[in-house]
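1. Sequence first, predicted model second:
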Amino acid sequence: MKIHAYLLIILCVILQIPGYSQSNLPSRTTVKLNKEIFNILKNNSMFSDKLDWRNIQEESKILSLTTNDSTNKQVLYNFYTGKLRAAGDKHSFFISGKRMKQIAEAPVAEQPQGDYLGAGVAWVKVPRCLSFNEAKDAHFADTIRRIIQKLDTENAVEGWIVDLRHNTGGNMWPMLAGLNALVADGTAGYFVSSESMENKRPWPNENGKISGKPADISTYKIKNNSAKIAVLLDARTGSSGEMAAVSLLGLPNVKSFGQTSAGYTTANYTFNLSNGDQLQLARTYVADRTGKGYPENIKPDVFIDDLSNTKNDRVIAAAKTWLLEK
């Protein structure tokens, strides 16, 4: 009986400690979210083999979680993001349903631009495209195409500059759909799950479509789709901005200029979480249409150390010189 009494005293003491109080245990919602994220990452991350999942599972059980689901989810997001970063994943991220709604309802921050630079050279500036809104994505793609159409019909264009400097990403598909006006339809690149290229998924690049789906966009194609194209990059060309560049690389009439890209050349896949948030998870890296992979970044064919990011800097000048070479 004394043993039972001691056990009862010990149990009562434990239950009075705040960290172990029954009332302070995380809710079922948090427990479910933890298991959900763990399973998604273990089964889908391209860095899964570099992580000690048994150790991660044990560590997740002793996180400082409370009854506040909102606080708990951030603790979990930080915990798993930290593990991914340590394994070499610099691209995956969590985004809340609230933040996605804010982005979808806000005006698009930047719009594509274009100009005729003279001497037969046309310039098209493609910024980031982050909208979470299909109508805005279609408008973005259509804007690129109509800029190209205007430049091509009003001028004798001999070469094109596709300026992707400072394009930090977002959704790659509207960018590809817009730039499709410059090239023939076909495979624009690949998502690759291994260095052997055994498992690869092609990027559809079809006129009038966004990510393989018909869209309300212009179907204009330039008069000469073999005209030279200079692709401009800098250290802020990242994620989908890099994918837009890759979609043009590998073509015989394309050459890149500027600085090494930001290095987010892994493709994020969307996983909807039970709490309404999303996990954007890096599952593959990318390769251009020739099969050349870009597991780290994109190094330009011609490196130019000019970060001006203007229409008359040394990067533009070098691109124009190449475009006008006979």
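-> The structure has been received and is ready for your questions. Numbering: from 1, shown residues only.
2. rest of the way, CA atoms for contacts and neighbours
-> OK.
3. Now do the same contact list for Arg236.
-> Contact analysis of Arg236 by CA atoms under 8 Å, 6 or more residues apart in numbering lists Arg165, His166, Asn167, Thr168, Ser261, Ala262.
4. Provide the count of other residues in contact range of the last one.
-> Taking other CA atoms under 10 Å as the criterion, the count of residues near Ala262 is 22.
5. Please apply the same query to the third one.
-> Burial measure for Asn167: 25 neighbouring residues, criterion other CA under 10 Å.
6. Kindly report the same for the fourth one.
-> A total of 21 residues lie near Thr168 under the criterion other CA under 10 Å.
7. Save the contacts of Arg236 as TSV, and put in secondary structure too.
-> Shown next, in TSV, are those (DSSP: H, G, I helix; E, B strand; the rest coil):
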residue	secondary structure
Arg165	coil
His166	coil
Asn167	coil
Thr168	coil
Ser261	coil
Ala262	coil
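8. quick one: Thr270 and Gln280 touch, right?
-> Yes: Thr270 is within contact range of Gln280, at 4.8 Å (criterion: CA atoms under 8 Å).
9. neighbour-wise, which of those two wins?
-> Each of Thr270 and Gln280 has its neighbours counted (other CA under 10 Å); Gln280 has more, 17 against 14.
10. Look at the more buried one and tell me its secondary structure.
-> Gln280 - assigned by three-state DSSP - is strand.
11. Which strand residues bridge it?
-> Phe93, Thr270 (DSSP bridges).
12. OK, contacts around it?
-> With contacts taken as CA under 8 Å, 6+ apart, Gln280 has the following neighbours: Ser92, Phe93, Phe94, Ile95, Asn268, Tyr269, Thr270, Phe271.
13. buried subset of those?
-> In the contacts of Gln280, burial by neighbour count holds for Ser92, Phe93, Phe94, Asn268, Tyr269, counting by 16 or more other CA atoms under 10 Å.
14. Can you tell me the SS state at the fourth one?
-> I take that to be Asn268. Going by three-state DSSP: Asn268 is strand.
15. My guess is it contacts Ser92. True?
-> Yes: assessed by CA under 8 Å, Asn268 is found in contact with Ser92 at 6.6 Å.
16. who touches both of these two?
-> Gln280, Leu281, Ala282.
17. Reformat those residues as CSV; add distance to Glu206 and pLDDT.
-> Output for the shared contacts of Asn268 and Ser92, formatted as CSV (distance: CA to CA, whole Å; pLDDT from 0 to 100):
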residue, distance to Glu206, pLDDT
Gln280, 25, 96
Leu281, 26, 96
Ala282, 25, 94
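18. Quick check: the residue nearest to Ala230 when sequence neighbours are not counted vs Gly120, distance?
-> Computed as CA to CA, 6 or more residues apart in numbering, the closest residue to Ala230 that is not its neighbour in sequence is Ile161, at 4.7 Å. If you measure Ile161 against Gly120 using CA to CA, to the nearest Å, the figure is 11 Å.
19. When the two are compared, which one has more neighbours?
-> Taking neighbours as other CA under 10 Å, Ile161 and Gly120 compare with Ile161 leading, 26 against 16.
20. need the contact list for Leu179.
-> Taking CA under 8 Å, 6+ apart, one finds Ala141, Ile144, Arg145 in contact with Leu179.
21. what about 10 Å?
-> For Leu179, the contacting residues are 124, 126, 141-142, 144-145, 148, 162, 173, 205, 207, 221, 244, 247-248, by CA atoms under 10 Å, 6 or more residues apart in numbering.
22. mind checking pLDDT for it?
-> Looking at Leu179, its pLDDT reads 98.
23. Then Ile14?
-> pLDDT at Ile14 comes out at 35.
24. With the one 3 residues further on instead?
-> Among the per-residue scores, Ile17 holds a pLDDT of 34.
25. helices or strands up against the lengthiest helix in the chain?
-> In terms of residue count, the longest helix belonging to the chain (DSSP state H) is helix 134-154. Contact analysis of helix 134-154 by 3 or more CA pairs under 10 Å, 6 or more residues apart in numbering; DSSP states H and E lists helix 97-105, strand 113-118, strand 121-125, strand 159-163, helix 172-179, strand 209-210 as its packing neighbours.
26. And that helix, what's buried?
-> For helix 134-154, burial by neighbour count (16+ other CA under 10 Å) applies to 136-149, 151-152.
27. Go ahead and flag the most central residue of the protein.
-> Closest to where the C-alpha atoms of the chain average out (CA atoms, centre = their mean) is Ser239, at 3.9 Å.
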